[in-house]
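Return a 3D structure for these sequence lines:
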Amino acid sequence: MTPRTRHVAALALAGAAAAAITVPTLLTASSHREAPRITQDPTADNTDVYAFTSPDAPDTATLIANYIPFEEPSGGPNFHAFSDQVRYGVHVDNTGDGEADVSYLFRFKTQVRNPDTFLYATGPVRVDAGAYTNLNVVQTYTVQRVTRGTGGRRVVRTLGRGLLTPPNNVGPKTTPDYAALVAPAIHTLRDGTRVFAGQRDDPFFVDLGSVFDLVNIDAPGRPGIGIGNQGGGDDGVTGFNVHSIAIQVPKRLLTQTGRTPADASDPRSVVGVYATAERPVLTFREGRGQVGWKQVSRLGQPLINEVVIPLGRKDRWNAGDPADDRQFASHYRAPELARALNALFPGVVNAPEQDRDDLVSVLLTGLPPGNPFGLVTQVGTGRPAKADLLRLNLAVPPTPPAQQDRMGVLAGQADGFPNGRRLVDDVVDIELQAIAGVLVRPAGQTPALGDGVDDNDLPFLSAFPYVPDPTSGFGKRHPRPSAP
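You can find the predicted model right below:
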C-alpha cells in the first residue's frame with residue numbers, strides 16, 4: 001500500500017446506502033459529478049482520462065486527464081482554473097499490481113498582478129518573449145516525475161517549475177487569436193516529455209438530456225432513433241470547457257523494461273493509466289502534525305464509478321487505490337446496468353445479468369496473451385490485480401486520425417478503446433454494447449445501443465495537445481428552452 005493509500009485509509013468513509021435500480025443513473029457525462037462528495041469539489045473532479053499512441057509521434061504516448069466539469073465559458077470575472085490547493089496526478093502501472101510505478105504530479109500557483117482591479121485581463125492578451133502581456137491572473141505550475149524503485153522506494157524528480165498555463169478563452173477582445181496564446185503553454189521538459197495544462201473544449205460527447213429523462217432517446221421530434229446509434233442525439237456537453245493536463249511521453253519512460261515496446265503480444269508492452277486529485281490533510285502522530293494528501297477523485301476506465309459502482313460506494317471508490325479494486329468485482333460480474341437495460345427494453349436487449357467474466361477481463365484485469373480477441377491488454381507477465389486502469393498496449397501502431405472509427409476495437413481498430421482511449425472513441429456506445437453482451441454473443445446478435453451522439457462538437461487537433469481550443473465566453477450562446 002502506498003503512503004497516499006495509507007492516508008486515505010485513515011479517513012472516515014461514507015457509509016453504504018443501498019440504492020434501487022433507477023434509470024436516471026444509467027449514464028453521466030463520463031466522470032462529471034459522478035459521486036456525492038466530489039460534486040461539492042469541482043476543481044478536484046477528474047472528468048475523463050485518455051491514453052493513446054501519439055499519431056504524429058508514434059514513439060511517444062499521450063496521456064490526458066481532464067478536470068472541472070461543465071465550465072461555463074463566460075463564467076467571469078473569476079474564471080475557472082486549477083486549484084492551488086489540489087495535487088493533480090497522472091499515474092502509470094507497468095507491472096500489473098495496480099500500484100503506480102510512474103507518476104506525474106502537478107501543483108499550481110496563482111498570481112494576481114494587480115489586486116486593485118476586478119479585471120481578469122487589463123487589455124488584449126498577447127505573447128511577448130514567451131510571456132503573456134495584460135493578463136492579470138496568471139497561473140503557473142510545477143511538475144514532478146515519481147518512480148517506484150527497489151522495495152517500493154519513491155524517487156522524486158522535478159521536471160519543471162514556473163511553467164505557464166494559458167489564459168482562459170474570454171473572447172476576441174480579451175484573448176484575440178487564442179490559438180497563438182497556446183504555444184507558450186506547451187513545454188518540453190528535461191527528459192523529452194512535452195506537457196500542457198490549461199483550459200480546453202470538453203472533448204467528451206453524450207446526449208445527457210435524453211439519458212437522464214428515463215433514457216428518452218426516441219422522443220417526439222427525434223423519431224427513429226430507438227435504442228440505437230443512428231444519430232439525432234443532442235450533445236449535452238457542447239459549449240462547455242474543462243481544464244486539461246496533457247503529457248506526451250517517450251514510451252521507454254513508461255515501460256518496466258525501459259525500452260520502446262515492439263511486440264504487441266507481450267504483456268510487458270502494456271501499461272495501465274489512471275488519474276487522481278488529492279487535497280492536503282493534517283494528521284497527528286506522537287503529538288506532531290504532519291501534512292499528507294487525501295485522494296478525493298480518481299479515474300481510469302470511463303463510466304465505471306458512474307454506472308458500475310452503486311451510490312453507497314462511490315465515495316469509497318474515489319478515495320481508493322486501483323490495487324484495492326477487487327472489493328468491487330461483484331458489481332462488474334453482475335452489473336446493475338444490464339438489469340436496467342433489460343427492464344427498459346424487454347425482449348430487445350437481453351443483456352446477460354450474471355457471471356460477467358467478460359467485463360472483468362476487459363475492464364479489471366486486461367486481456368491475457370492467447371485470448372480469442374487477439375488483443376493483449378494485460379499489464380505485466382504475472383497474475384494481474386483486479387484494478388481499474390485504462391490499459392494501453394504501446395506496441396499497437398496508431399490508426400491515422402482521418403481513418404479512426406469511433407467504435408474502436410468493435411470496429412476492428414486495435415488501437416481504439418478499450419485499448420487505451422482515443423479522443424474520437426465513442427465510449428458511451430461501446431460500453432453500452434459491451435454491457436449488452438457484444439463480447440460474448442455471436443456477431444450481429446447484440447443490439448446497436450447508443451445515445452445518438454457520434455462525435456465531438458469541435459474537431460480535434462492534429463498535434464499535441466490534440467484537445468480543441470476552448471469555447472470563448474463571448475462566443476457561447478444559450479438558446480431559449482424548447483417547449484416540454
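
Distance check, Ser54 against Ala411.
Computed with CB to CB, to the nearest Å, the distance linking Ser54 and Ala411 is 21 Å. (C-beta placed from N, C-alpha, C; glycine too.)

between these two, who's got more neighbours?
Ser54 (18 against 14; other CB atoms under 10 Å).

Isn't that one up against Phe464?
Yes - counting by CB atoms under 8 Å, Ser54 touches Phe464, with 7.0 Å between them.

Could you confirm Asp455 falls within a helix?
No - membership of Asp455 in a helix is not supported by DSSP: H, G, I helix; E, B strand; the rest coil, which gives coil.

Please work out how many residues are found near it.
Asp455 has 14 nearby residues by other CB under 10 Å.

who are the neighbours in contact with it?
205, 406, 424, 426 (CB atoms under 8 Å, 6 or more residues apart in numbering).

Look at the closest residue to the second one other than its chain neighbours and report its pLDDT.
Right, the one you point to is Arg406. Closest residue to Arg406 apart from its sequence neighbours, by CB to CB, 6 or more residues apart in numbering: Asp426 at 4.0 Å. Per-residue pLDDT puts Asp426 at 96.

go on, Asn342?
89.

likewise Gly347?
Per-residue confidence (pLDDT) for Gly347: 86.

ok, so what distance separates it from Pro447?
Using CB to CB, which is the criterion applied here, Gly347 is 11 Å from Pro447.

Tell me which of these two has more neighbours.
Higher neighbour count among Gly347 and Pro447: Pro447, with 20 against 6, using other CB under 10 Å.

Relative to Gly437, how far out is that one?
In terms of CB to CB, Pro447 sits 10 Å off from Gly437.

again with Arg259
38 Å.

for Leu181, phi and psi?
Dihedral angles phi and psi of Leu181 (degrees, to the nearest 10) take the values phi -80, psi -10.

Near it, how many other residues are there?
Other residues close to Leu181 by other CB under 10 Å number 21.

wait, it sits on Thr175?
Yes - in terms of CB under 8 Å, Leu181 counts as a neighbour of Thr175; the distance is 6.1 Å.

okay, and the common contacts of the two?
Residues touching both Leu181 and Thr175 comprise 125, 167, with contact defined as CB under 8 Å, 6+ apart.

Excluding chain neighbours, what is closest to Lys294?
Leaving out its chain neighbours, the residue that sits closest to Lys294 by CB to CB, 6+ apart is Val281, at 4.2 Å.

re earlier: does the residue nearest to Arg406 really touch Val409, like I thought?
No - taking contacts as CB under 8 Å, Asp426 lies outside contact range of Val409: 11.8 Å.

Same drill for the two, tell me which one is more crowded.
Between Asp426 and Val409, counted using other CB under 10 Å, the more crowded position is Asp426 (26 against 21).

so what does whichever strand or helix holds Val242 touch, helix or strand wise?
Assigned by DSSP states H and E, Val242 belongs to strand 241-250. Under the contact criterion of 3 or more CB pairs under 8 Å, 6 or more residues apart in numbering; DSSP states H and E, strand 241-250 touches strand 60-71, strand 87-93, strand 194-201.

got the contact list for the nearest residue to Pro261 once chain neighbours are set aside?
Nearest non-adjacent residue to Pro261, counting by CB to CB, 6+ apart: Ser269, 3.4 Å away. Listed by CB under 8 Å, 6+ apart, the contact partners of Ser269 are 255, 261-263, 376, 393-395.

Same question for Gly473.
Contact partners of Gly473, counting by CB under 8 Å, 6+ apart, are 73-76, 79, 168-171.

what do you get for Ala351?
Counted by CB under 8 Å, 6+ apart, Ala351 has contacts 338-339, 341-342, 435-437.

May I have the phi/psi pair for the nearest residue in space to it that is not next to it in sequence?
In space, and not counting its chain neighbours, Ala351 is closest to Ala338: 3.9 Å by CB to CB, 6+ apart. Backbone torsions of Ala338, given as degrees, to the nearest 10, read phi -60, psi -40.

Next: Asp101.
Here Asp101 shows phi and psi, under degrees, to the nearest 10, equal to phi -100, psi -30.

And it, how close does it get to Arg421?
If you go by CB to CB, the gap between Asp101 and Arg421 works out to 20 Å.

between those two, which one's more packed in?
Each of Asp101 and Arg421 has its neighbours counted (other CB under 10 Å); Arg421 has more, 25 against 22.

Now for this structure, the helix or strand with the poorest mean pLDDT.
The weakest-scoring helix or strand in the chain, judged by mean pLDDT, DSSP states H and E, is helix 3-9 (a mean of 40).

From the contact counts, what lies against the helix or strand following it?
Downstream of helix 3-9, the next assigned helix or strand under DSSP H and E is strand 46-53. In this structure, strand 46-53 packs against strand 60-71, strand 270-285, strand 288-299, strand 390-393, with contacts taken as 3+ CB pairs under 8 Å, 6+ apart.

how far is strand 46-53 from where the chain is centred?
Between the centre of strand 46-53 and the centre of its chain there are 4 Å (CA atoms, centre = their mean, to the nearest Å).

re earlier: selecting buried members of the contacts of Ser269 in PyMOL, what would you type?
Buried residues among these (16 or more other CB atoms under 10 Å), as a PyMOL selection:
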select buried, resi 255+261+376+393+394+395
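
Closest to Asp235 out of the contacts of Ser269?
The closest of the contacts of Ser269 to Asp235 turns out to be Asn393 (CB to CB; 29.5 Å).

so what's the closest one up against?
Here Asn393 is in contact with 261, 264, 269-270, 375-377, 414, 419-420 (CB under 8 Å, 6+ apart).

Let me see the contact set for Ala338.
Here Ala338 is in contact with 351-353, 356, 435-436 (criterion: CB under 8 Å, 6+ apart).

so how far is Ile309 from it?
From Ala338 to Ile309 the distance is 15 Å (CB to CB).

before we move on, what about Leu105?
Applying CB to CB to Leu105 and Ile309 gives a distance of 25 Å.

same thing with Arg126?
Taking CB to CB, one finds Arg126 at 46 Å from Ile309.

got it, and His478?
With distances taken as CB to CB, His478 is found 33 Å from Ile309.

Repeat that for Gly412.
Relative to Ile309, Gly412 is positioned 30 Å away (CB to CB).

higher neighbour count, the two?
Set side by side, Gly412 and Ile309 show more neighbours around Ile309, with 22 against 10, by other CB under 10 Å.

Could you pull up the residues touching the more buried one?
Neighbour list for Ile309: 317, 328, 331 [criterion: CB under 8 Å, 6+ apart].

okay but the last one is in contact with Pro310, surely?
Yes - here His331 reaches Pro310: they are 6.8 Å apart, a contact under CB under 8 Å.

circling back to that earlier point, more neighbours: which of Arg259 and Gly437?
A direct count of neighbours by other CB under 10 Å for Arg259 and Gly437 places Gly437 higher, at 20 against 11.

The more buried one contacts Glu353, doesn't it?
No - the criterion here is CB under 8 Å, and Gly437 misses it with Glu353 at 9.9 Å.

Can you give me every residue that contacts Phe284?
Contacts of Phe284 (CB under 8 Å, 6+ apart): Gln290.
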